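Trainee: could you look at this predicted model? Sequence included:
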Amino acid sequence: MSERGALRGLRALMWVVIAIEVPVYLVWLVRVGYLTGQELPRGDVARWAPPVLLPPAAVLFCVMAGWTWWLSVVAGTRSSLRERWIVASLVFVAGFSVFCGVASVDDPSVSVGLLSAAVTGLGMIGLFFIPAAASRQLPDVIRQRSRRTSAPSEADPQ
């Protein structure tokens, strides 16, 4: 397979993964957010906060973190994932998402927590990689990185 075909295949695979993971995650967030909110007393306005606020917050924080990470990869600078505010926003989304998944069932268990963590992780990964998959610079960055890793170093005697 040619390099160009491999790069197209990678981009297509990224979009297939994104197209499957992201909608499942967002629908799941709305559902578990609704069920978690319904545990609050009737008439409490906060019972609508999880299903209304959590999906947009997940999209915003994950895509924002993915965007800043991708810009640092393209520029070849230090990864922006070392910034505390980015890590804090991702931890917030993951924590609240898993919490809602566990709190939304009548009988929480380890398996429910693991399922919540899996859906959360896959969905956040899909959202995180949207900027990279959509970038026209993806093939150039992959070529640069592969040349760097495949080129023998100066210290290598072979």
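Mentor: Perfect, thanks for sending it.
Trainee: residues in contact with residue 57?
Mentor: Taking CB atoms under 8 Å, 6 or more residues apart in numbering as the contact definition, residue 57 lies against 92, 93, 96. C-beta here means a position set from N, CA and C on the backbone, and glycine is covered the same way.
Trainee: scan those residues and report the most crowded one.
Mentor: Using other CB atoms under 10 Å as the neighbour test, the contacts of residue 57 are led by residue 93, with 23 neighbours.
Trainee: circling back to that earlier point, so which of the contacts of residue 57 is the closest to residue 72?
Mentor: Relative to residue 72, the closest of the contacts of residue 57 is residue 93; by CB to CB it sits at 19.9 Å.
Trainee: that closest one against residue 58, yeah?
Mentor: Yes. Residue 93 is in contact with residue 58 according to CB atoms under 8 Å; the separation is 4.9 Å.
Trainee: can you list residues touching both of those two?
Mentor: Joint contacts of residue 93 and residue 58 (CB under 8 Å, 6+ apart) are residue 124.
Trainee: so which elements touch the longest helix along the chain?
Mentor: Longest helix of the chain, by residue count under DSSP state H: helix 3-37. Applying 3 or more CB pairs under 8 Å, 6 or more residues apart in numbering; DSSP states H and E, one finds that helix 3-37 contacts helix 49-75, helix 84-103, helix 110-128, helix 130-134, helix 138-150.
Trainee: buried stuff in that helix?
Mentor: 11, 14, 18, 21-22, 25-26, 28-29, 32-37 (16 or more other CB atoms under 10 Å).
Trainee: next, the angle from the lowest-mean-pLDDT helix or strand in the chain to helix 3-37.
Mentor: Lowest on mean pLDDT, DSSP states H and E among the helices and strands of the chain sits helix 138-150, with a mean of 79. Relative orientation of helix 138-150 and helix 3-37, computed by axes from the mean of the first three to the mean of the last three CA atoms, to 10 degrees: 110 degrees.
Trainee: quick one: low-confidence ranges for the protein?
Mentor: 1, 149-158 (pLDDT under 70).
Trainee: run the last query once more with 90
Mentor: Applying pLDDT under 90 to the chain picks out residues 1-11, 37-50, 72-86, 106-108, 136, 138-158.
Trainee: if we can go back for a sec, closest one to residue 6 among the helices and strands packed on helix 3-37?
Mentor: Of all these, helix 138-150 sits nearest to residue 6, with 8.9 Å by CB to CB.
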